[in-house]
Each structure stands twice: as structure tokens, then as C-alpha cells.
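Visitor: using only what follows, build the 3D model:
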Amino acid sequence: MRRNKYLLVISIALLLLIQIGCTHYPVIQEPDSQMFNQTVQSPALQDSLREGKLTAGMPHFVVSQLFKDWTDGIKELKIPVASLGSKQRLEEEEGWSRKFVDPNTKVLLDKYETSKGKLYVWYQRPDYYTMDISARDTLCIFFADTVMCSVIKNLNNSRVLTVKDSLPQIPPDTSLYAEVIYNDHPWRVISYWYDIEILSNARSFKIGDTNYEIYPIELLEFDKEPTSSFNWREVNKDEN
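Guide: As a prediction, this is how the structure comes out:
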């Protein structure tokens, strides 16, 4: 009886090894460039898409479209984590060892396995506080092929900020793409909001309600190393 159990265990192990060795990774799909260009007006991010590179600042739906053919066995989606870079699933316990995940979790992680390594993608709910934006930083908005910038006067709350200069040429309630340039670190640029609205006073900007598909990508890691971009066409070429 014991021998039969050993033989069964060995057989299952061999089958698993064969399955792993024969894993087929589907081709990474091209994202919808028209949808992207309607959502994101940043020339730098549009150039990255044309070059086949996934970068920080892109909306999360790009990742979903790239890996739409991936099977559940080689992906794990919307993992709630405590902070950017953390791979530890955020779980809590409440009474009788019942586990639950805080529905207000702001940082999410997706994990994909490719033929060349694992891709980790962190993204989070847009929030002026968590992005460390403060007074004297500069808000730049894209509207009608024009970039208009104004110094931030103050943060009203985590979702509304006020700039010093009124921008009446922008219609209220217009969805806009925005960038923020830090005053203390001018080389750092946040390029994140695809649904920012100007309020009726023409000086206050509010982050609109968004779902996770247009949460900004904050951080990428590929093949165990942090990376500024993930070139899906190179991975496809290597796979072929």
C-alpha cells in the first residue's frame, strides 16, 4: 500500500514537471492605441506606446490589454499590498481567524509570468496626498493641443487642489490629462491623471472618479529587477 502511494506521488510530480516544462506563453497583444490616445495626451507616454514599451504613468488598462490572453495559471491580479514595491499580500484577521482585505486598499499589484521572467506591476488610486504633492509644485494640464501650467497654491484635500492662476479658457467639468512637476525636484514629473476636472472657479482641479482600469502604473519590475520600461515586442520576438 505504501509503495503504491509512493508511486502515485512520483507520477503526479512527473506530470507537474512535464506540464511546467511545456508551458506555452501566448503572444503579448498590442494595446488599443486609439483608446490610449483619447485617454492620455502626454507625448512622452504616446511615444512609449508606439515603441512598444510599458512605462510608469500609463493607465492600467494597457496592461490588461497586453495580457488579455494570459491564463489564470500564470497571472495574479489586483493583489492588495501595503506599499509600492511590496509583494506581501495585505490581509488582516478579524474574529475566529476570519481573513478579510481592507476595501479601501489603495495600492494594488499584478503579477504575470512570461517566457523571459516575471513582470510585476504596481498601480494605485490617484491621490494628491499619497503622491507627495504640495504647495509651490507646478500643475501642467493638456487641453486642445496646448500645455498650460500654474503653480499650486494649496491642497484643499486629497482629491482637490487650487492653483494660483485662473485658467478661464478651460471649460468647467472638462476631463483633462495632467502632470505635476515638483518644486524641490524639478527632474521628477508625475504624469498620472486622466480624469482631472476643473471646477467652476477656474482655479481648482479635482481628480474625477475612476476605476482601477485607469489607475496609473507606479512601478515596474521585470525578471527580478526594477525597470523603467517593459518592452513587450522584445519579449514577443524572443518567444518566437
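Visitor: give the contact list for His60.
Guide: Each residue near His60 by Cβ atoms under 8 Å, 6 or more residues apart in numbering is listed here: Asp110, Val121, Tyr123, Tyr212, Glu213, Ile214, Tyr215, Pro216, Ile217. No exception for glycine: its C-beta is placed from N, CA and C like everyone else's.
Visitor: show me how to select, in PyMOL, the buried members of these.
Guide: Command for PyMOL that selects the buried part of the contacts of His60, burial taken from 16 or more other Cβ atoms under 10 Å:
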select buried, resi 110+121+123+212+214+215+216+217
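Visitor: partner strands of the helix or strand harbouring Glu113, with direction?
Guide: Applying DSSP states H and E as the criterion places Glu113 in strand 107-114. Next to strand 107-114 in the sheet, as set by DSSP bridges, lie strand 75-80 (antiparallel), strand 117-124 (antiparallel).
Visitor: out of those strands, indicate the one that is most buried.
Guide: strand 117-124 (a mean of 21; mean count of other Cβ atoms under 10 Å).
Visitor: so the residue nearest to the spatial centre of the chain is in which element?
Guide: Computing the C-alpha centroid of the chain and ranking residues by Cα atoms, centre = their mean puts Ile217 first, at 2.2 Å. Using DSSP H and E, Ile217 sits in strand 217-222.
Visitor: do Gly85 as well
Guide: Assigned by DSSP H and E, Gly85 falls outside every helix and strand.
Visitor: hmm, Glu218 and it touching each other?
Guide: No - with contact defined as Cβ atoms under 8 Å, Gly85 does not reach Glu218; the gap is 9.2 Å.
Visitor: ok, those two, which is more surrounded?
Guide: Glu218 (20 against 14; other Cβ atoms under 10 Å).
Visitor: quick one: contacts for the more buried one?
Guide: Ala56, Leu84, Val107, Trp122, Tyr123, Gln124.
Visitor: so how many other residues sit close to the second one?
Guide: In other words, Leu84. Using other Cβ under 10 Å, Leu84 has 13 neighbouring residues.
Visitor: what's near enough to touch it?
Guide: Contacts of Leu84 (Cβ under 8 Å, 6+ apart): Val107, Trp122, Gln124, Glu218, Leu219.
Visitor: also Tyr192?
Guide: Tyr192 neighbours (Cβ under 8 Å, 6+ apart): Gly57, Pro126, Met131, Ala178, Glu179, Val180, Pro216.
Visitor: try 6 Å
Guide: Residues in contact with Tyr192 (Cβ atoms under 6 Å, 6 or more residues apart in numbering) are Pro126, Pro216.
Visitor: can I see the domain layout of the protein?
Guide: Structural domains assigned to the chain are 33-125+213-239, 138-209, following automatic domain parsing.
Visitor: which of those has the lowest mean pLDDT?
Guide: Among those, domain 138-209 carries the lowest mean pLDDT, at a mean of 82.
Visitor: before we move on, the earlier item: okay if I get the contacts of His60 as a markdown table plus distance to Ile141?
Guide: Formatted as a markdown table, those follow (distance: Cβ to Cβ, whole Å):
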| residue | distance to Ile141 |
| --- | --- |
| Asp110 | 29 |
| Val121 | 26 |
| Tyr123 | 22 |
| Tyr212 | 23 |
| Glu213 | 22 |
| Ile214 | 17 |
| Tyr215 | 19 |
| Pro216 | 16 |
| Ile217 | 20 |
